[in-house]
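**Student:** fold the following and give me the result.
(chains A and B)
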Amino acid sequence: GFEPERDPYQPQQSEPGPASYEYQGVRQGSDHTGLRKSISQPEAPDQDPYQEQDQRGSVGWTHALGRALHQSQTPMQHLYHPRRRHALGQDSHQAQEARQSMYQSDAVGLDPYQTQEPKNPYQAYERAHGPYQPHEPGYGLHQPGHSPYDDQIPDPESRMLAIQNAKAYLLKSSTTSGLNLYDHLANMLTKILDEQPTNAVDIIENISKDVKWAQFQKKMDTLRDEHEILPTFEAAEKRKALFLKANGEGDEELEEEIGETPLPNVMETAFYFEQAGIGLSKDESYHIFLALKKLISVQPIQTCRFWGKILGLEMNYIIAEVQYHEGEEEEETEEEEVIEEGGKRKGEVEDEDEEKEKEDEPPKSTYKPPPVIPKEENGTGANKYVYFVCNEPGKPWVKLPPVTPAQIVCARKIKKFFTGRLDAPVVSFPPFPGNEANYLRAQIARISAGTHISPIGFYQFAEEEGDEEEGEGGRDTYEENPDFQPLSVVEMVDSLSTWVHHVQNILKQGRCVWLNPFQKSEEEEEEEEEKAEEPDELQQEIGPPLLTPLSEDEGIQNIPAWTAQPSTNLIPQYAVAILQSNRWPGAYAFASGKKFDNIYFGWGHKYSPENHSPALPPPVQAEYPSGPEITETRDPTLEEELAFKAAKEEALAAAEEEDDEEDVEDDEEEDDD
Amino acid sequence: QGPAFPFLALEEKRGDWGARGVSSGLLEGASLCPEWCGKAALSPGLQRARACVVLVAGSLNCVEWSLLPPATEEMVAQAEQLKGRFQGDPSFEYEHIEINAADAERLFEDGKEPMIKEEARLLATIEQIDKAVGIIPRGAFVKTPLGSVHENRNFEGLSLTEAKKLSSYFHFTEPFNLKNKTLLEKADLDPSTDFLDSLEHDIPQGSWTVHLEKGDTVVVLRSLLWLGLTFYHVPMTKQYGYVYFGTGEKNFDLPFML
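**Tutor:** This next block holds a predicted model:
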């Protein structure tokens, strides 16, 4: 009666380990429950893996219980005699305090049964109960002549009772989870024996957890899971390149570079921003640091800065702001061509129109597209810097194309999330001229122009150039002031006039330096002088000049444009002045002594208290000008027709009569019509 | 009075500041600076109860904490009418509430003026955020056959593949889409764990972003409806939580931005 009995108690158990199989063979014929099997197993000396490894180390409570049951000739006395129990605990686990306490605590668990009289309750129970049914916990324990320890134990019945009571207790199901400890222990032991982990005692808590957790896993099918590459491994592979020292660089070169490197100290900046609770995690900052180093080693870069991070729907953008060495910008011709295509397209359309005109001459549109405002030269205005982006540090840097005024103007009218893919189309109204890379570049230009600030006096205008360019609405170059005296943090926080913009404001036109779109080259100017009169009324747009203090910034309704505060009030000696832009949420600046920096973390959108309302499409154009030459003539009425006929007949008669005057009369008749 | 510092509401369903350590590095542009972290740790009962923090330069020092009463429906309804940034002053009173005629009549009958304090607005906003975008991973809470919901002690995190799916995350609020599901759709659901609305069918489609960060070891969900709400979960662990750092304004422009 062994096999059917095991099943109800070990429903989820898979095949028992080899040790238990062998052991079953030895013990065949005797009646065991799952628990008994487990607890007696360690006693088979040559088959027990735990005993072979380390008998002392592998003692769980089952082991202890097993010992208690088997080692002594009179286990009942050990179990039920309080004094002897202590003695046993000390004997078998000499000075092993932890184990002793384990044993004791487990023994305490059995205490309720000790209070009962050894023999009588069992007999009473048996009498009241009658024969055990196969599904009952005690089944099999009491069949006469089948007791396993008949040869050893003089009092099998009370021993049986003890075990049975213990088991009954263990089988009590929890009121909250519905599980019982017996099944749980059985599952645990099965798992341990199946998997045979080393030092199972050390991880017994986790095994217990795992067994419980497994109940929440759906057993969906028997298909095996695909071998999964660990995500951490994949990520590590991606970043591996960052941590490799470039082979091409010799040590000599490195030494030269150390003197003056364009590489910014990202970690130092991150530290200052962290004082205000702004920034990325240390890991990510460091990866960006390494990625920037990589970028510098590849590109001929003069200055480099970590601009910030723009969040996207699928991936994020990490943005680096760089300036090339002078003379290196010639390489960029390829990309310029790409942008000129936009202009070419318009030309093509016109050509097609002309061809069609020859065929059937449809009414010509009087719409004149506004002149395309040329983009600013690389290295000036909105294109002063070149921007590189990547989705994650370690992925290749991609250079963003220069921004055109049209893109900036359109970017102001739309509000779209970035997807994280540079080639994604920007579906919007008004239609955006370009893809996401262009939109990103336009937003970067807008954010830079709005939020890049520095302490007053850090930059100054170059003295030589100043006078020449003043006429053109502000100078666009500045240099570091060698005599810069840093202001105290309190001053930097108290007044916004201690901060200045060091990036040129972008005009409505989409350029930093205003350009008259109707201004033609000199030859054309002479030809079109007459036509150009109207557009000349256009006002020249003038923005605030470079290095304007922030106190001049307009607020957003009643919200000031900037919020300033020190990073800490508790330790003012080491506080850092932090400025936060309210117009571009996510843009921050810090200043501490001579150090300052700007950074942006956000979605790349401007704050507006009003909800975004996309521009409406313009009214439908009139198809053609209506004039007398295309309006339909009125049908003549009957009277008119009759009058006309009469007149004609008269005329005929008259013609016959007077041939000489024919011509004159004909004309008159026609006029009457 | 200047709107000094952006309103900041902190909320932690579970976990302590140690768990916050996992997330703080992931929250771009806004996390707690060391000083506030230290101050916030002083707050009694933060680990258990929800905590609302208003950090305003100067006025509220983040050391003395006050318990906010629960938000009432009326407060939420009123606060929904309000627009614009928080002022950073709990006693600030908003005067210009745009209310339609019917509401106005009702309100005036009650003898109340349509005035709302910033404190009430803050409460209502927290309530709104909680209801709209408070989320938990699937399996973190279980429903017993008797109908009570309690934390799943045996929750050991989502697997990585599950963690990338929006269907593995639930709104931690009364479900209202669940009832509308057909029997066929319900067939696959486990009544003990799938008793809440999942994020899968949130309107508009795509109002959440799912990112893997820190070398694909942390899943970060960001709400686009309430910009600033970030949820994190470390797959195969119990660590999860969400936090809101933002201006307290709902992103009404979302449909245009996707």
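**Student:** low-scoring pLDDT stretches of the stretch 401-550 of chain A, where are they?
**Tutor:** The model of the stretch 401-550 of chain A has pLDDT under 70 over residues A:463-476, A:517-540.
**Student:** so which residues of it form strands?
**Tutor:** Along the stretch 401-550 of chain A, the segments classed as strands by DSSP state E, counting those that start in this stretch run A:453-455, A:459-460, A:479-480, A:499-501.
**Student:** in TSV, list those along with distance to chain B and mean neighbour count.
**Tutor:** Where C-beta positions appear, they are placed from N, C-alpha and C, glycine not excepted. TSV is the format used below for those (distance: least, C-beta to the nearest C-beta, whole Å; neighbours: other C-beta atoms under 10 Å in any protein chain shown):
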stretch	distance to chain B	mean neighbour count
strand A:453-455	17	23
strand A:459-460	26	17
strand A:479-480	28	10
strand A:499-501	16	23
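**Student:** distance of B:Val219 from chain A?
**Tutor:** Noted for B:Val219: a distance of 10 Å to chain A, by C-beta to the nearest C-beta, to the nearest Å.
**Student:** close to chain B: what parts of the stretch 351-500 of chain A are there?
**Tutor:** The stretch 351-500 of chain A comes close to chain B at residues A:Lys415, A:Lys416, A:Phe417, as judged by C-beta under 8 Å from any C-beta of the partner chain.
**Student:** how about a cut-off of 10 Å?
**Tutor:** Residues of the stretch 351-500 of chain A found near chain B (C-beta under 10 Å from any C-beta of the partner chain) are A:392, A:394, A:414-420, A:427-429, A:493.
**Student:** out of those, which is most surrounded?
**Tutor:** Compared across those, A:Phe418 has the highest neighbour count, 24 neighbours, by other C-beta atoms under 10 Å in any protein chain shown.
**Student:** skipping its backbone neighbours, what lies nearest it in space?
**Tutor:** Take A:Phe418 and drop its neighbours on the chain: the residue closest to it by C-beta to C-beta, 6 or more residues apart in numbering or on different chains is A:Gly312, 4.1 Å away.
**Student:** in the chain, which spans are strands?
**Tutor:** With no chain named, the answer covers chain A. A:301-310, A:317-324, A:386-390, A:398-399, A:453-455, A:459-460, A:479-480, A:499-501, A:562-566, A:577-581, A:587-592, A:595-602 (DSSP state E).
**Student:** chain B, not that one
**Tutor:** B:93-94, B:116-117, B:135-137, B:141-143, B:149-151, B:169-171, B:208-213, B:218-223, B:229-233, B:240-244.
**Student:** where's A:Val409 relative to chain B, distance?
**Tutor:** A:Val409 is 18 Å from chain B, by C-beta to the nearest C-beta.
**Student:** about what we covered before: can I get the strands of chain B in JSON lines with mean pLDDT?
**Tutor:** Listed next are those as JSON lines, based on pLDDT from 0 to 100:
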{"stretch": "strand B:93-94", "mean pLDDT": "76"}
{"stretch": "strand B:116-117", "mean pLDDT": "78"}
{"stretch": "strand B:135-137", "mean pLDDT": "90"}
{"stretch": "strand B:141-143", "mean pLDDT": "86"}
{"stretch": "strand B:149-151", "mean pLDDT": "83"}
{"stretch": "strand B:169-171", "mean pLDDT": "91"}
{"stretch": "strand B:208-213", "mean pLDDT": "88"}
{"stretch": "strand B:218-223", "mean pLDDT": "89"}
{"stretch": "strand B:229-233", "mean pLDDT": "88"}
{"stretch": "strand B:240-244", "mean pLDDT": "83"}
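**Student:** these into CSV, with extra columns for mean neighbour count?
**Tutor:** Conversion of these to CSV gives the following (neighbours: other C-beta atoms under 10 Å in any protein chain shown):
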stretch, mean neighbour count
strand B:93-94, 16
strand B:116-117, 18
strand B:135-137, 23
strand B:141-143, 19
strand B:149-151, 12
strand B:169-171, 24
strand B:208-213, 20
strand B:218-223, 23
strand B:229-233, 24
strand B:240-244, 24
